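In: What shape does this take:
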Amino acid sequence: MSKSIKDVTTNTANWVIDCNQVTRTYNEGPEKLTIFSDISLQITAGETIAIVGSSGSGKTTLLNLLGGLDRPSTGHIEICGQEIYKLSEAARARFRNKHLGFVYQFHHLLPEFSALENVMMPCVLGGISVAAARKKAAVLLNSVGLGARLAHKPGELSGGERQRVAIARALVNEPDCVLMDEPTGNLDEHTGAGVRALIESLRDQFGMAFVMVTHDMSMARSLGRVMRLEQGRLVNEG
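Out: Residues are numbered from 1 along each chain as shown. The predicted structure follows:
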């Protein structure tokens, strides 16, 4: 399943994500609330970026924009050379499933399905045969140390194990970029350290880009670049 950085580079600028002068505002009655303005961020294949900032600074909003889950008020976002907000909603969902993986603070696993079935889901939705999806999911769950837990449902797994299943699910379609929103925020320190080490290992193994929103500065500093979102601006953290 491993692939080189060259394999995941699909646009001539070598950018997996190109976020250009993006602003997000919300209407609050007669007033407009600006979450952030003129945000620009380019992410190359195989790069790892942490986005930090105080609560309410707009980190999750920015991550949702980068993932095609929300629409910018102004500006442009391209993923692998495709301006995603020019796609229909259905086409954008298919594009996300192919090119992006998502990991959240709360794992969002389907409780009635096993670990294997949860990880298979993006493959099956993408049109891969059930047999092929099962094989890919089993390989990934083995790689995250859950080879003996394939048949277990989320309620039968620990918090750290559930997050490992969620990470495997994010990787199963071999995306160009994985977007992570506080992936260790709901875990104790020891379990969070284990997930952090796993993320670092998978980053090196698969050569895909990772963008992570986190309050965990030790996690942030383990990544290649740290950006801070404060007062509506995104700046490099010194």
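
In: what's near enough to touch the closest residue to Cys177 other than its chain neighbours?
Out: Counting by CB to CB, 6 or more residues apart in numbering, Cys177 lies nearest to Ala209, which is 4.1 Å off, once chain neighbours are set aside. Bear in mind the C-beta positions are built from the backbone N, C-alpha and C, glycine included. With contact set as CB atoms under 8 Å, 6 or more residues apart in numbering, Ala209 has these partners: 8, 16-17, 43-49, 176-178.

In: can you check Arg169 too?
Out: 101, 109, 118-119, 121-122.

In: In the protein, which residue sits furthest out from the middle?
Out: Pro30 (34.4 Å; CA atoms, centre = their mean).

In: Dihedrals phi and psi, that residue?
Out: phi -80, psi -10 (degrees, to the nearest 10).

In: And it, how far from Arg24?
Out: Between Pro30 and Arg24 the distance is 19 Å, computed by CB to CB, to the nearest Å.

In: on that earlier part again, got the contacts of Arg169 as CSV, with secondary structure, distance to Asn142 and pLDDT columns?
Out: Shown next, in CSV, are the contacts of Arg169 (DSSP: H, G, I helix; E, B strand; the rest coil; distance: CB to CB, whole Å; pLDDT from 0 to 100):
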residue, secondary structure, distance to Asn142, pLDDT
Gly101, strand, 18, 88
Leu109, coil, 18, 89
Asn118, helix, 15, 93
Val119, helix, 11, 93
Met121, helix, 18, 90
Pro122, helix, 18, 87
